[in-house]
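S.K.: Following is a predicted model, sequence given first.
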Amino acid sequence: MNTWILVANASSASLYMNRGPKKGLEKIREYDHAASREKASDLVSDRPGHYKSAGNGHGAYVPPTDPKQNEAQQFAMELTRDLEQGRTANAFQRLIIVAPAQFMGLIKGNASAVLKSLVSDHFEKDYTKIDEKALAGHLACCIYL
(Lines give C-alpha, C1' and ligand atoms only; values in the text may rest on other atoms or scores of the structure.)
Protein backbone atom coordinates (compact mmCIF):
# COMPACT_ATOMS: atom_id res chain seq x y z
CA MET A 1 0.00 0.00 0.00
CA ASN A 2 1.48 3.34 -1.07
CA THR A 3 1.37 6.22 1.40
CA TRP A 4 2.00 9.83 0.44
CA ILE A 5 3.32 12.17 3.09
CA LEU A 6 2.92 15.91 2.50
CA VAL A 7 5.18 18.07 4.68
CA ALA A 8 4.28 21.72 4.10
CA ASN A 9 4.10 25.28 5.31
CA ALA A 10 2.88 28.42 3.55
CA SER A 11 6.07 28.81 1.50
CA SER A 12 7.51 25.34 0.84
CA ALA A 13 6.55 21.71 0.78
CA SER A 14 7.92 18.25 0.13
CA LEU A 15 5.95 15.23 -0.98
CA TYR A 16 7.23 11.82 0.05
CA MET A 17 6.14 8.28 -0.74
CA ASN A 18 6.39 5.18 1.37
CA ARG A 19 5.84 1.96 -0.59
CA GLY A 20 5.39 -0.26 2.46
CA PRO A 21 7.04 -1.53 5.65
CA LYS A 22 10.83 -1.05 5.79
CA LYS A 23 10.86 0.81 2.45
CA GLY A 24 11.71 4.21 3.97
CA LEU A 25 10.82 7.61 2.57
CA GLU A 26 11.25 8.55 -1.08
CA LYS A 27 11.00 12.26 -1.95
CA ILE A 28 8.89 12.53 -5.08
CA ARG A 29 8.42 16.30 -5.36
CA GLU A 30 9.53 19.59 -3.84
CA TYR A 31 7.54 22.80 -3.93
CA ASP A 32 8.69 26.35 -3.37
CA HIS A 33 6.26 29.24 -3.10
CA ALA A 34 8.54 32.25 -2.69
CA ALA A 35 5.66 34.74 -2.78
CA SER A 36 4.55 33.55 0.65
CA ARG A 37 7.89 34.70 2.06
CA GLU A 38 7.55 38.22 0.64
CA LYS A 39 6.58 41.12 2.87
CA ALA A 40 2.88 41.94 2.55
CA SER A 41 3.78 45.41 1.23
CA ASP A 42 5.72 43.79 -1.65
CA LEU A 43 2.75 41.65 -2.67
CA VAL A 44 0.43 44.55 -3.46
CA SER A 45 1.03 46.62 -6.57
CA ASP A 46 1.25 50.07 -4.95
CA ARG A 47 -1.05 52.32 -2.99
CA PRO A 48 -4.71 51.36 -2.64
CA GLY A 49 -6.99 52.63 -5.40
CA HIS A 50 -9.38 55.48 -4.66
CA TYR A 51 -13.03 55.84 -5.43
CA LYS A 52 -15.64 58.58 -5.36
CA SER A 53 -18.91 58.06 -3.70
CA ALA A 54 -22.12 60.05 -3.73
CA GLY A 55 -21.77 63.46 -2.09
CA ASN A 56 -18.43 64.58 -0.75
CA GLY A 57 -17.26 61.10 0.32
CA HIS A 58 -13.94 59.76 -0.84
CA GLY A 59 -12.22 56.61 0.27
CA ALA A 60 -9.42 54.20 -0.41
CA TYR A 61 -10.02 50.67 -1.59
CA VAL A 62 -8.76 48.17 0.95
CA PRO A 63 -8.16 44.61 -0.26
CA PRO A 64 -10.57 42.22 1.49
CA THR A 65 -7.84 39.71 2.40
CA ASP A 66 -4.31 39.97 3.63
CA PRO A 67 -1.94 39.49 0.65
CA LYS A 68 0.16 36.93 2.55
CA GLN A 69 -2.97 34.96 3.42
CA ASN A 70 -4.01 35.09 -0.23
CA GLU A 71 -0.61 33.68 -1.30
CA ALA A 72 -0.87 30.90 1.31
CA GLN A 73 -4.35 30.07 -0.03
CA GLN A 74 -3.01 29.91 -3.61
CA PHE A 75 -0.20 27.57 -2.51
CA ALA A 76 -2.62 25.34 -0.57
CA MET A 77 -4.78 25.11 -3.71
CA GLU A 78 -1.75 24.08 -5.80
CA LEU A 79 -0.77 21.36 -3.31
CA THR A 80 -4.34 20.07 -3.02
CA ARG A 81 -4.66 19.96 -6.82
CA ASP A 82 -1.58 17.71 -7.00
CA LEU A 83 -2.90 15.49 -4.20
CA GLU A 84 -6.23 15.17 -6.02
CA GLN A 85 -4.41 14.20 -9.24
CA GLY A 86 -2.45 11.54 -7.34
CA ARG A 87 -5.67 10.26 -5.79
CA THR A 88 -7.48 9.95 -9.14
CA ALA A 89 -4.43 8.17 -10.61
CA ASN A 90 -4.43 5.73 -7.64
CA ALA A 91 -0.83 6.72 -6.87
CA PHE A 92 -1.51 6.35 -3.14
CA GLN A 93 -4.06 4.73 -0.86
CA ARG A 94 -3.20 6.62 2.32
CA LEU A 95 -2.18 10.22 3.01
CA ILE A 96 -0.37 11.81 5.94
CA ILE A 97 -0.28 15.62 6.17
CA VAL A 98 2.24 17.54 8.28
CA ALA A 99 1.68 21.32 8.35
CA PRO A 100 1.24 24.18 10.82
CA ALA A 101 -2.35 24.51 12.07
CA GLN A 102 -3.36 27.49 9.93
CA PHE A 103 -1.92 26.02 6.72
CA MET A 104 -3.40 22.61 7.55
CA GLY A 105 -6.81 24.31 7.60
CA LEU A 106 -6.22 25.77 4.14
CA ILE A 107 -5.21 22.39 2.72
CA LYS A 108 -8.19 20.60 4.24
CA GLY A 109 -10.49 23.43 3.13
CA ASN A 110 -9.48 22.80 -0.50
CA ALA A 111 -9.60 18.99 -0.34
CA SER A 112 -12.49 16.93 -1.61
CA ALA A 113 -14.37 14.63 0.75
CA VAL A 114 -12.76 11.61 -0.96
CA LEU A 115 -9.25 13.02 -0.48
CA LYS A 116 -10.00 13.83 3.17
CA SER A 117 -11.12 10.23 3.68
CA LEU A 118 -7.62 9.04 2.67
CA VAL A 119 -5.92 11.14 5.37
CA SER A 120 -4.97 8.62 8.03
CA ASP A 121 -2.90 10.96 10.18
CA HIS A 122 -2.12 14.65 10.41
CA PHE A 123 0.39 16.57 12.50
CA GLU A 124 0.05 20.29 13.13
CA LYS A 125 3.81 20.93 13.05
CA ASP A 126 6.25 22.63 10.70
CA TYR A 127 8.78 19.94 9.76
CA THR A 128 9.79 21.48 6.43
CA LYS A 129 13.33 22.26 7.67
CA ILE A 130 14.22 18.85 9.13
CA ASP A 131 15.97 16.03 7.27
CA GLU A 132 14.37 12.77 6.18
CA LYS A 133 15.83 10.76 9.07
CA ALA A 134 14.34 13.14 11.66
CA LEU A 135 11.05 13.17 9.76
CA ALA A 136 10.97 9.37 9.76
CA GLY A 137 11.41 9.47 13.55
CA HIS A 138 8.43 11.81 13.93
CA LEU A 139 6.28 9.59 11.69
CA ALA A 140 7.25 6.32 13.38
CA CYS A 141 4.03 6.37 15.44
CA CYS A 142 1.80 6.07 12.37
CA ILE A 143 3.89 4.41 9.63
CA TYR A 144 6.37 1.59 9.71
CA LEU A 145 9.32 2.92 7.73
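M.R.: Structure's in. What do you need? Numbering: from 1, shown residues only.

S.K.: what about the strands in the protein?
M.R.: 3-8, 12-18, 26-32, 50-52, 58-60, 94-98, 119-123 (DSSP state E).

S.K.: same question for the fourth one, mean pLDDT?
M.R.: This predicted structure assigns strand 50-52 an average pLDDT of 55.

S.K.: OK, contacts around N2?
M.R.: Going by Cβ atoms under 8 Å, 6 or more residues apart in numbering, N2 touches M17, N18, R19, G20, A91, F92, Q93, R94. For every residue, glycine as well, the C-beta is placed using N, CA and C.

S.K.: Now the most centrally placed residue in the chain: closest residue in space that isn't a chain neighbour?
M.R.: For the chain, the residue whose C-alpha lies nearest the mean C-alpha position (Cα atoms, centre = their mean) is A76; its distance is 4.0 Å. Counting by Cβ to Cβ, 6 or more residues apart in numbering, the nearest residue to A76 once its immediate chain neighbours are dropped is L106, at 3.6 Å.

S.K.: What's the local residue count around the one you found?
M.R.: A total of 22 residues lie near L106 under the criterion other Cβ atoms under 10 Å.

S.K.: Then the one 3 residues further on?
M.R.: Other residues within reach of G109 by the criterion other Cβ under 10 Å amount to 11.

S.K.: Give me the nearest residue to it, chain neighbours excluded.
M.R.: Closest residue in space to G109, ignoring its immediate chain neighbours: A76 at 7.4 Å, by Cβ to Cβ, 6+ apart.

S.K.: What separation is there between that neighbour and N9?
M.R.: Here the distance between A76 and N9 works out to 10 Å (Cβ to Cβ, to the nearest Å).
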